[in-house]
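Chemist: my questions are about this predicted structure, shown below with the sequence.
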Amino acid sequence: MIKLYGHELSGNTYKVKLLLSLLALDYEWIKVDLMVGAHKRPEFLALNPFGQLPALVDGETVLADAQAILVYLARQYGGDRWLPLEPLPLAQVVRWLSTAAGEIRQGPESARLYHLFSATNIDIERANQKADFILSQLDQHLTERTWLALAQTTIADVAVFPYVALAGDGQIDLRPYPNVLTWIERVKKLPGFVGMIGIEELVIT
Ligand SMILES: N[C@@H](CCC(=O)N[C@@H](CS)C(=O)NCC(=O)O)C(=O)O
């Protein structure tokens, strides 16, 4: 069975949880307690020498990095549906995986680290500027699109969603970005969607 090593407050872990759930895959959840430094202990460093969550084990396969894990799960269990391999759509999806690890991390993810976890090594003004930049870009991008990369949901949406939806934890107001808010609600309606602390699931009646 697939094993996911993570923490319930980790947005990077949540990216993987979300895709596992959208793919309706069973997995074993193994909590690595970030708060007490368990991610820097030898047992976990054997899985990911970077000492970062998440990590995933599937049989003999050991993987770290949320984006890399999304690629693996999408191709291993989702066929072409979540990550097509033709050059252009592949590039269009990867563009957003890079954005998740780049602009989103420097912006809303860093603001969340600053406000929720009191990270001392973050320049909050820079994080706020980066957040405004990427949220404005996303809002513009979503004016004529339903999903970020292609006509259907892909791992581009899964990679970008967590730290955008968690922007409030970083005291970032999403109201100036109405297309982003609409896209968040759309993602929440996907069959198999799961939330996390800070991201409500829709109550469908
Ligand atoms: N590029 C990595 C970043 C992972 C990451 O920064 N994880 C955080 C938790 S959300 C972490 O483990 N932080 C602790 C540390 O870096 O020491 C990924 O996408 O998985």
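Modeler: Thanks, I have it.
Chemist: which strand or helix spans E28?
Modeler: Taking DSSP states H and E as the criterion, the element that holds E28 is strand 27-31.
Chemist: residues in contact with that strand?
Modeler: For strand 27-31, contacts defined as CB atoms under 8 Å, 6 or more residues apart in numbering pick out M1, I2, K3, L4, Y5, G6, H7, E8, L20. Heads up, the C-betas are built off the backbone N, CA and C, glycines and all.
Chemist: same check on stretch 78-88?
Modeler: Here stretch 78-88 makes contact (CB under 8 Å, 6+ apart) with 19, 22-23, 70-71, 74-75, 90, 93, 150, 152-155, 158.
Chemist: if you set the cut-off to 6 Å instead, what comes out?
Modeler: Under the criterion CB atoms under 6 Å, 6 or more residues apart in numbering, residues L23, A74, R75, V93, T154, I155 lie in contact with stretch 78-88.
Chemist: neighbours around the last one, how many?
Modeler: The burial metric for I155, expressed as a neighbour count using other CB atoms under 10 Å, is 30.
Chemist: use 16 as the first number for this chain going forward.
Modeler: With the count now opening at 16, the last piece we talked about shows up as I170.
Chemist: and it, what does it touch?
Modeler: Contact analysis of I170 by CB under 6 Å, 6+ apart lists L85, A89, W97, L98.
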